[in-house]
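1. Fold the following, please.
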Amino acid sequence: MERYNEITNKNQREIVLLQGRPCAWGKCIFCDYIADNSKDEDAMVRLNHEVLSRVTGKYGVLEVINSGSCFELPEETLDEIAKVIREKKIQKLFFEAHWIYRHKLEEMRARMGVPIIFKIGVETFDYDFRQRVLNKHADFREPGEVAEYFDSPCLMVGIQGQTKDMIRYDIDCLKRYFKLGTVNVYNNNTTPIRRDQALVDWFMDEYQWLMEDPAVEVLYEITDFGVG
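-> Now for the predicted structure:
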């Protein structure tokens, strides 16, 4: 598994995939990504130290991801991230967190000491599909509620049961309420949720302009960020 990469097109930065404790929610019906976690604190700290040692600070921007939320990383690893920020002169940090951690974001911003772009896996702003189909456990009703806490939503497109109107609404919300965002094109995995290829084809044609939008990263493959 590759755990370090450099993103050199939009929003240039270094990115690391670290290991944390099991996702606090861990019941999203489409997700098998939670397999990359551990309960062995010492092993996680050693692995994360090795990965973080590769950070150079060349862009002044670092993204840290794990199979869950940044709050599930070991305390020692969080301390080391803060140390890397200081030593490598990182000026901006990307973290990701679940909706359930929304009231802890400011605490983490203070701990790291640099501006943090907080991502959140929204998947869709359609409440019923998000909650009842995807089982996301994120009970906001309006995109403005998310924008009060988070900076960059991650959307998912191309799932069976999703509609073109849902996707149109999601992209409109992203552009209307947020300065940054990510769109993940769904790929089949070990879960029962399946990809709608016709919907994917429509999206890639209808929203081709997003490929040139500097504020939106479209991931066609789950490894498009070079880690995983």
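2. rest of the way, CA atoms for contacts and neighbours
-> Will do.
3. All the strands of this structure, residue numbers only.
-> Counting by DSSP state E, one finds strands in the chain at the ranges 4-7, 13-17, 61-65, 92-96, 116-123, 152-157, 181-185, 216-219.
4. partners of the fourth one in the sheet?
-> Translated: strand 92-96. Partners of strand 92-96 in the sheet, by DSSP bridges, are strand 61-65 (parallel), strand 116-123 (parallel).
5. Tell me what angle the first one forms with strand 13-17.
-> For strand 61-65 against strand 13-17, the angle by axes from the mean of the first three to the mean of the last three Cα atoms, to 10 degrees is 20 degrees.
6. And the contacts of strand 61-65?
-> Contacting residues not belonging to strand 61-65 are listed as 12-18, 70, 90-96 [Cα atoms under 8 Å, 6 or more residues apart in numbering].
7. between these, which is nearest Val157?
-> Looking at the contacts of strand 61-65 and their distance to Val157, the nearest is Glu96, at 19.1 Å (Cα to Cα).
8. For that closest one, which non-adjacent residue is closest in space?
-> Using Cα to Cα, 6 or more residues apart in numbering and skipping the chain neighbours, the partner closest in space to Glu96 is Lys119 (4.5 Å).
9. Number of residues surrounding that neighbour?
-> The local packing count at Lys119 equals 23, with neighbours defined by other Cα atoms under 10 Å.
10. want to try a markdown table for the strands paired with strand 92-96, with mean pLDDT and distance to Lys27 as columns?
-> Written out in a markdown table, the entries for the strands paired with strand 92-96 read as follows (pLDDT from 0 to 100; distance: least, Cα to Cα, whole Å):
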| stretch | mean pLDDT | distance to Lys27 |
| --- | --- | --- |
| strand 61-65 | 98 | 19 |
| strand 116-123 | 98 | 13 |
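11. hmm, back to that, between the strands of the chain, which gets nearest to Asn48?
-> With respect to Asn48, and counting by Cα to Cα, the nearest of these is strand 13-17 at 8.4 Å.
12. Now distance to His103 too, for the strands of the chain, in a markdown table please.
-> Shown next, in a markdown table, are these (distance: least, Cα to Cα, whole Å):
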| stretch | distance to His103 |
| --- | --- |
| strand 4-7 | 29 |
| strand 13-17 | 24 |
| strand 61-65 | 19 |
| strand 92-96 | 14 |
| strand 116-123 | 12 |
| strand 152-157 | 16 |
| strand 181-185 | 21 |
| strand 216-219 | 26 |
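13. pLDDT weak spots in this structure?
-> Flagging of the chain using pLDDT under 70 yields the residue ranges 34, 222, 224, 228.
14. ok, now with 50
-> For the chain, applying pLDDT under 50 flags no range at all.
15. Surely Lys119 is in contact with Leu155?
-> No: counting by Cα atoms under 8 Å, no contact exists between Lys119 and Leu155, whose distance comes to 10.5 Å.
16. Neighbours of Asp79, how many?
-> Counted with other Cα under 10 Å, the neighbours of Asp79 add up to 13.
17. Tell me the spacing between it and Arg86.
-> 11 Å (Cα to Cα, to the nearest Å).
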